[in-house]
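# Test case, fold it:
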Amino acid sequence: MSITRRHAVAAIASTLALGSTASAQEKSITIRFPFEYAADVAPGLANQAFKKLVEERSKGRIKVQLYPNGSLLKGLDLLQGVVRGDAEMTTLVSAYWVGVSPKLSVFDLPYAFPTHEAFYKAMDDRDFQKEVFDELEGKGVKVLGMLPYDYVVPGSRKGPIVKPEDFKGLKLRAVGKTNAAALSAIGATAVAINITEVATSIQQGVIDGLNTPLDAFLSYRFHEAIKNITYARYFFAFYPWTVNSKFWEGLSEADRKLIGDAAAETISGHKIRAREAANNAKAELAQKGVKFHEQTADEAKAWAKGMSPIWEASEKQFGKPLIDKMRTFGG
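Down below sits the predicted model:
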């Protein structure tokens with residue numbers, strides 16, 4: 001073979017190799033992103049913001065398909081679907097993940113986060129996050145961060161909930177096992193119902209009320225039956241931002257950075273968005289005839305005393321060091 005011909009063959013081979021590499025780097029990606037809640041509540045708006053960031057920065061090469069209201073998967077099916085790879089990503093309330101990673105239940109301890117800033121301290125504590133999320137990351141998902149929401153507050157169709165005695169006889173929808181235990185400890189009957197089934201359950205008398213963030217009362221029209229809400233800062237809801245591990249590991253380093261950065265920016269901006277959504281919802285609910293009771297410090301102490309066995313049980317389960325760490329955020 002002549003030198004000229006060898007050079008030509010080498011050039012063609014090099015071009016093909018470069019083309020193959022470029023093709024691999026520029027492959028189209030679809031992220032199926034189901035979630036249980038509505039698209040117009042605060043975390044749904046966060047997911048929309050994430051979609052916009054990813055698709056703009058990838059120039060449309062990475063598509064994010066959102067499936068709100070449990071339209072693709074919901075509840076434990078959603079959790080298992082992300083672990084299996086039936087969906088690539090989700091923001092599913094932490095209570096569902098407790099079955100996979102029991103340590104996550106410490107976030108649901110009553111009055112663990114008496115202020116938003118207390119929760120943000122836990123969010124930003126990398127060592128604490130590693131300790132709590134390591135167990136979860138060994139089960140087939142990668143945690144990109146924590147999407148904060150707001151306080152899950154109790155509402156009732158039977159009357160105001162102010163004193164611990166007011167819980168007696170009430171059937172309330174609980175959010176996870178720890179919240180259910182807290183409600184039971186203070187005298188309520190805790191009922192496990194998916195958020196998508198709550199409205200029907202209220203109409204049929206299956207439950208007398210529920211715990212949910214303020215903007216969800218509006219989005220799901222719970223306020224049409226629930227006329228009494230107590231703003232008690234006893235349970236702060238958030239969503240571990242999870243992605244299927246195999247999907248994540250199969251991405252290029254550049255794509256992992258693009259997606260991870262978009263999630264981090266969304267989470268950072270969402271702190272303000274979620275608080276504004278709660279304030280706006282409170283004003284709108286009041287206009288629609290809902291009666292609000294802002295819990296006082298003395299009332300909070302009375303509720304916390306009734307729910308204190310939950311802290312004691314968690315300390316026995318997870319050890320004093322972890323629970324003492326939890327106390328530092330609220331203290």
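
# now this protein, which segments are flagged as low pLDDT?
Residues of the chain meeting the criterion pLDDT under 70: 1-25, 331.

# most centrally placed residue in it?
Geometric centre of the chain, nearest residue: residue 239, 1.6 Å, by CA atoms, centre = their mean.

# Show me how far stretch 181-195 is from its chain's centre.
Relative to its parent chain, stretch 181-195 has a centroid offset of 19 Å by CA atoms, centre = their mean, to the nearest Å.

# likewise stretch 191-199?
Per CA atoms, centre = their mean, the centroid offset for stretch 191-199 relative to its chain is 16 Å.

# quick one: contacts of that stretch?
Outside stretch 191-199, the residues that touch it by CB atoms under 8 Å, 6 or more residues apart in numbering are 36-37, 69-70, 74-75, 171-174, 180, 201, 206-207, 210, 212, 216, 220-222. For every residue, glycine as well, the C-beta is placed using N, CA and C.

# check contacts around the residue nearest to the centre of the chain.
35, 43, 91-94, 146-147, 149.

# could you pull out the strands for the stretch 51-200 of the chain?
62-67, 89-91, 141-151, 153-156, 171-174, 189-192 (DSSP state E, counting those that start in this stretch).

# what's in contact with stretch 282-289?
So stretch 282-289 is contacted by 214, 217-218, 223, 227, 229, 231, 292 (CB under 8 Å, 6+ apart).

# ok so, going back, ok, and the residue nearest to the centre of the chain, which helix or strand is that part of?
In this assignment (DSSP states H and E), residue 239 forms part of strand 236-244.

# can you list contacts of the helix or strand just after that strand?
Going down the chain from strand 236-244, the next helix or strand is helix 245-249, by DSSP H and E. The contact list for helix 245-249 (CB under 8 Å, 6+ apart) reads 85, 88, 137, 140-142, 256.

# so which of the contacts of residue 239 is the most crowded?
Highest neighbour count within these, by other CB atoms under 10 Å: residue 43, with 31 neighbours.

# OK, contacts around that one?
35, 37, 91, 147, 149, 239, 270, 274.

# can you rerun that using 6 Å?
By CB atoms under 6 Å, 6 or more residues apart in numbering, residue 43 lies in contact with 37, 91, 147, 149, 239.

# what inclination does the strand holding residue 239 have with respect to strand 141-151?
160 degrees (axes from the mean of the first three to the mean of the last three CA atoms, to 10 degrees).

# Note down every partner strand of strand 236-244 and its orientation.
strand 89-91 (antiparallel), strand 141-151 (antiparallel) (DSSP bridges).

# Make CSV out of those strands and add distance to residue 48.
Formatted as CSV, the strands paired with strand 236-244 follow (distance: least, CB to CB, whole Å):
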stretch, distance to residue 48
strand 89-91, 12
strand 141-151, 13
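
# between these, which gets nearest to residue 166?
Each of the strands paired with strand 236-244 has some distance to residue 166 by CB to CB; the shortest is strand 141-151, at 18.0 Å.

# Send over the closest one as PDB, restricted to the C-alpha atoms.
Output of strand 141-151 as PDB, limited to C-alpha atoms (Å, rounded to 0.1, in the frame of the first residue of the first chain):
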ATOM      1  CA  VAL A 141     -31.000   5.300  43.600                       C
ATOM      2  CA  LYS A 142     -28.800   8.300  43.700                       C
ATOM      3  CA  VAL A 143     -29.900  11.300  45.800                       C
ATOM      4  CA  LEU A 144     -29.300  14.600  44.000                       C
ATOM      5  CA  GLY A 145     -30.600  16.700  46.900                       C
ATOM      6  CA  MET A 146     -33.500  17.600  49.100                       C
ATOM      7  CA  LEU A 147     -36.400  19.600  47.600                       C
ATOM      8  CA  PRO A 148     -38.000  21.500  50.500                       C
ATOM      9  CA  TYR A 149     -41.700  22.000  50.600                       C
ATOM     10  CA  ASP A 150     -43.400  23.500  53.700                       C
ATOM     11  CA  TYR A 151     -45.100  22.500  56.900                       C
END
